[in-house]
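1. below is the structure, and that's it, no one-letter string:
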């Protein structure tokens with residue numbers, strides 16, 4: 001079972017997860033982080049800024065979950081640009097150690113295999129940050145994705161394109177395709193940290209945590225992982241049947257366990 005931590009708001013979640021990341025980097029300076037984009041992980045990145053002051057991050061490595069296909073890497077909403085703007089620059093990470101999947105059309109046929117090889121060469125991801133979509137997707141693994149899937153090109157659903165349209169001038173500007181780490185890739189990370197905020201995520205989160213494991217709800221793949229921490233605010237946790245137990249378990253958790 002995943003550990004589920006219910007907090008008051010996104011800022012509290014960000015502080016909690018940032019503390020764990022700092023602890024990890026201090027204990028392993030060449031930590032490999034799995035980096036999510038979008039609005040959900042922003043509280044973590046914001047909380048890391050003051051906490052990493054004085055911490056040597058020169059050897060930290062990172063792999064983004066996904067990238068749009070065919071987007072100019074210089075476009076402000078390419079995930080390469082987003083990771084650079086929201087993570088690499090403010091956290092003073094070495095940009096040469098932070099990678100995103102290559103979404104350029106030239107070489108797209110083998111870009112997934114290349115990314116898998118790079119993650120393997122780095123020794124795998126130590127801590128993977130995840131969000132969950134309103135349809136239950138993680139990364140860009142839309143409903144129907146195989147639990148054994150690796151990094152590959154996917155067609156985005158109309159709902160995901162609509163959800164992401166807020167970052168573009170119009171929905172027609174949202175790319176139709178992406179290259180994303182697969183569910184199998186994500187499940188190889190040593191620690192998964194899934195964040196969920198707001199009432200709009202409540203149904204998907206409850207299904208992922210407490211419903212059946214099903215390709216129809218890709219987020220349910222986290223039930224197959226031995227070390228998962230879910231951090232949700234009260235609104236996102238509203239439909240969890242066992243919320244009281246999650247609160248009780250966290251309140252009585254041995255201090256030595258960490259996240």
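-> Perfect, I can see it now. Small disclaimer: the values here were computed from a predicted structure and weren't measured.
2. just the strands in the stretch 151-259 of the chain please.
-> Assigned by DSSP state E, counting those that start in this stretch, the stretch 151-259 of the chain shows strands spanning 152-155, 177-180, 191-196, 228-233.
3. go through the last one and flag the buried ones.
-> If you call a residue buried by 16 or more other C-beta atoms under 10 Å, then strand 228-233 has these buried ones: 228, 229, 230, 231, 232, 233. (Glycine included, C-beta is placed from N, CA and C.)
4. will you turn these into a markdown table that also has distance to residue 76?
-> Output for those, formatted as a markdown table (distance: C-beta to C-beta, whole Å):
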| residue | distance to residue 76 |
| --- | --- |
| 228 | 32 |
| 229 | 31 |
| 230 | 30 |
| 231 | 28 |
| 232 | 29 |
| 233 | 28 |
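5. where's the helix-or-strand element of the chain with minimal mean pLDDT relative to the chain centroid, distance-wise?
-> Ranking every helix and strand in the chain by mean pLDDT, DSSP states H and E puts helix 158-164 at the bottom, with a mean of 85. How far helix 158-164 lies from its chain's middle: 17 Å, per C-alpha atoms, centre = their mean, to the nearest Å.
6. could you list the buried residues of it?
-> 160, 161, 163, 164.
7. ok, which pair from the residues you listed is furthest apart?
-> Within the buried residues of helix 158-164, 161 and 163 form the most distant pair, 7.3 Å apart (C-beta to C-beta).
8. what ranges does the stretch 1-150 of the chain have for its helices?
-> Applying DSSP state H, counting those that start in this stretch to the stretch 1-150 of the chain gives helices spanning 10-27, 42-51, 79-83, 89-91, 108-121.
9. bridging across strands, which residues link to the closest residue in space to residue 13 that isn't next to it in sequence?
-> Distance criterion C-beta to C-beta, 6 or more residues apart in numbering; nearest residue to residue 13, sequence neighbours excluded, is residue 231 at 4.4 Å. Taking DSSP bridges as the rule, residue 231 bridges to residue 5, residue 195.
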